[in-house]
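S.K.: Sequence and predicted structure below; questions after.
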Amino acid sequence: MNRKDEIALGKTKTQFIDGDRSSRYPKREEYVESGIMFLNGESIHGGFIDRNAVNFIAEKKYSEIKKGRIARNDIVLTTRGNSVGDAAFVNIDDKGLINAQMLILRVDSKEIHPKFFFYYITSQSLHSYILNFASGSAQPQIPIRDLRKIPICLPKHHIQRKVAAILTAYDELIENNQRRIALLEKMAGEIYREWFVRFRFPGYLDTRKVKGIPEGWKVERLGNIACSVKEKYVDLEHQEWPLVDLEKMSQRSLAVTNTGNPAELTTSRILFARNDILFSTIRPYLYKVNMAPFQGVTNTSVMVLRPRIPEYRAFVTMTLFMGSTIAWADQYSAGTKMPVISWNVFQKMELFDPGFYLAAQFDDLVSPILDQINSLSILNRRLAQSRDMLLPRLISGKLSVENLDIQFPPGMEKDAHA
């Protein structure tokens, strides 16, 4: 793209829509179990809104607030806090509001293709450019006046659509795999509940209960079933290990969504092996439990757990993934501003140990499901890497799409004829 295509974002027809900061702003005690989405920085994962990570407000509260309402094709940008610069493309029709730390960027679709703009704003070079505007050490923020100065290159509209179509094809594959992962997680979770919550495991009709639990089962501490891995990373061969930090872990999902920059590796990192369990220990990330689909490293804010007996892999993984574990961690985590939970405390968590025979049966049934989740997680990582390698070349115009016959992905079929 030529410099003549460049224009300051503030000189386009783009709307900069802030959230409501009046007395009507939703308070934590007004959150509900389900309802209208109230987005925050934690709601953004992989460039999209994660409904599992949002807060919800009632319809009545939503009707009181007119500012900061999202719409399909909006780009939601975090402008304050630790996740400053993170963006999400709104590809749903659900109602929602942004919180005070976010901003809605709403383009004129006749001037700028919304998906092209999303990829442009999330490209590495522009993301770094945006972060340069962030001010304040305790609470980094990007003022709207600085966002208006951002230079954006606007090729012809049909070129924008082609670039968006190529990158969207990758995202739709990733999103489809995410749906498959969610179904597999649901399947594994239902088997777990059937066996270990409802006690309808193979042979349960012939098993009597003693003090409320099946005969042969016992109450056991987590530390006797799993251990905490504390092997420090040592760069002996200059390997680029996948890096999994708190922000890179999936929210309420067993799959690892993406990985960080290997250049950030230090000797304070913990080395983990494939099939280890990653458990975040710091609020607000305490809800995250992931499996490791590969060997890699993480920081000390992520606990690495490994079953002491291999046949207990599926049982321990699913036990930690289910909600009762989170409730226990919440109860015993220490600290007020940023609660944490240590292994010394966490290993004391009590659970029903069904014994080796039943745990091994469960492993035979559920481990193949967990392996499928890991395979899809790895595939998504590779798709994301390929997309991210293409993105700057397509956005900059170094890789021309002018003469390419683009097959538009399902999500853009209507747009192909716009």
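M.R.: Perfect, I can see it now.

S.K.: Could you pull out the strands in the stretch 151-300 of the chain for me?
M.R.: Taking DSSP state E, counting those that start in this stretch as the test, the strands found in the stretch 151-300 of the chain are 151-153, 209-210, 213-214, 218-221, 226-229, 243-244, 270-272, 277-280, 289-291, 296-298.

S.K.: Quick check: which of these is nearest to residue 364?
M.R.: strand 289-291 (17.2 Å; CB to CB). Placement of C-beta: from N, CA and C, glycine included.

S.K.: now the stretch 51-200 of the chain, which segments are flagged as low pLDDT?
M.R.: 133-139 (pLDDT under 70).

S.K.: which residues in it form helices?
M.R.: 59-64, 114-122, 124-133, 144-147, 157-196 (DSSP state H, counting those that start in this stretch).

S.K.: For residue 355, find the nearest of the strands of the stretch 151-300 of the chain.
M.R.: For the strands of the stretch 151-300 of the chain, the distance to residue 355 is smallest for strand 218-221, at 7.8 Å, taking CB to CB.

S.K.: Please give the element, helix or strand, for residue 385.
M.R.: Assigned by DSSP states H and E, residue 385 belongs to helix 356-396.

S.K.: which residues sit in contact with residue 182?
M.R.: Applying CB atoms under 8 Å, 6 or more residues apart in numbering, we find residue 182 in contact with residue 253.

S.K.: Tell me, how many residues neighbour residue 60?
M.R.: Residues lying near residue 60 (other CB atoms under 10 Å) number 10.

S.K.: quick one, which of the helices of the stretch 51-200 of the chain is packed in tightest?
M.R.: Burial of those is given as mean neighbour count (mean count of other CB atoms under 10 Å); helix 114-122 ranks first at a mean of 24.

S.K.: Secondary structure of residue 398: a helix, I assume?
M.R.: No. Checked against DSSP: H, G, I helix; E, B strand; the rest coil, residue 398 lies outside a helix; its state is coil.

S.K.: what's the closest non-adjacent residue to it?
M.R.: Among residues not flanking residue 398 along the chain, residue 392 sits closest, at 7.9 Å (CB to CB, 6 or more residues apart in numbering).

S.K.: Now do the one you found: how many residues are near it, please.
M.R.: For residue 392, the count of nearby residues is 15 (other CB under 10 Å).

S.K.: Look up how far residue 245 lies from it.
M.R.: 23 Å (CB to CB, to the nearest Å).

S.K.: same check, this time on residue 345
M.R.: Residue 345 sits 22 Å away from residue 245, taking CB to CB as the criterion.

S.K.: Ok, residue 37 next?
M.R.: 26 Å.

S.K.: Neighbour count: the two, which is higher?
M.R.: residue 37 (21 against 18).

S.K.: What sits closest to that one if chain neighbours are left out?
M.R.: Closest to residue 37 by CB to CB, 6+ apart is residue 96, at 3.6 Å.

S.K.: Would you check that my belief about the one you found contacting residue 70 is correct?
M.R.: Yes. At 4.4 Å, residue 96 and residue 70 qualify as touching, with contact defined as CB atoms under 8 Å.

S.K.: can you list the domains in this protein?
M.R.: With automatic domain parsing as the criterion, the domains of the chain are listed as 3-154, 185-372.

S.K.: From the chain's centroid, how far away is the shortest one?
M.R.: Meaning domain 3-154. Distance of domain 3-154 from the chain centroid (CA atoms, centre = their mean, to the nearest Å) equals 17 Å.

S.K.: again, but for the last one
M.R.: Distance of domain 185-372 from its chain centroid, counting by CA atoms, centre = their mean, is 17 Å.

S.K.: measure it end to end?
M.R.: 10 Å (CA to CA, to the nearest Å).

S.K.: Redo the helices of the stretch 51-200 of the chain as TSV? Include distance to residue 102.
M.R.: TSV is the format used below for the helices of the stretch 51-200 of the chain (distance: least, CB to CB, whole Å):
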stretch	distance to residue 102
helix 59-64	16
helix 114-122	14
helix 124-133	14
helix 144-147	12
helix 157-196	21
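
S.K.: Which one of these lies nearest to residue 101?
M.R.: helix 144-147 (13.1 Å).

S.K.: where does residue 256 sit relative to residue 386, distance-wise?
M.R.: With CB to CB as the criterion, residue 256 and residue 386 are 17 Å apart.

S.K.: between these two, which one's more packed in?
M.R.: residue 256 (24 against 12).

S.K.: about what we covered before: hang on, the residue nearest to residue 398 packs against residue 127?
M.R.: No. Using CB under 8 Å as the test, residue 392 is too far from residue 127 to be in contact (10.7 Å).

S.K.: Quick one: mean pLDDT for stretch 241-255?
M.R.: On average, the pLDDT along stretch 241-255 is 77.

S.K.: Pull out the buried positions in it.
M.R.: Within stretch 241-255, the residues scored as buried using 16 or more other CB atoms under 10 Å are 241-255.

S.K.: ok, now stretch 301-318?
M.R.: In terms of neighbour count (16+ other CB under 10 Å), stretch 301-318 has its buried residues at 302-307, 311-318.

S.K.: okay if I get these as a markdown table plus pLDDT and secondary structure?
M.R.: Listed next are the buried residues of stretch 301-318 as a markdown table, based on pLDDT from 0 to 100; DSSP: H, G, I helix; E, B strand; the rest coil:
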| residue | pLDDT | secondary structure |
| --- | --- | --- |
| 302 | 86 | strand |
| 303 | 88 | strand |
| 304 | 92 | strand |
| 305 | 93 | strand |
| 306 | 95 | strand |
| 307 | 96 | strand |
| 311 | 96 | helix |
| 312 | 96 | helix |
| 313 | 96 | helix |
| 314 | 96 | helix |
| 315 | 96 | helix |
| 316 | 94 | helix |
| 317 | 94 | helix |
| 318 | 94 | helix |
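
S.K.: Show me which pair in these is furthest apart.
M.R.: Longest span within these, CB to CB: 302 and 311, 24.7 Å.

S.K.: Pull stretch 143-155 out as CSV, backbone CA atoms only.
M.R.: Only the C-alpha atoms of stretch 143-155 are listed here, as CSV (Å, rounded to 0.1, in the frame of the first residue of the first chain):
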residue,chain,number,x,y,z
PRO,A,143,-6.7,8.7,25.5
ILE,A,144,-9.1,9.0,22.6
ARG,A,145,-7.3,12.0,21.3
ASP,A,146,-4.2,9.8,20.7
LEU,A,147,-6.2,7.1,19.1
ARG,A,148,-7.5,9.6,16.6
LYS,A,149,-3.9,10.2,15.5
ILE,A,150,-3.4,6.5,14.5
PRO,A,151,-2.4,6.3,10.8
ILE,A,152,-4.5,3.8,8.8
CYS,A,153,-3.8,2.7,5.3
LEU,A,154,-7.0,2.4,3.3
PRO,A,155,-6.7,0.6,-0.1
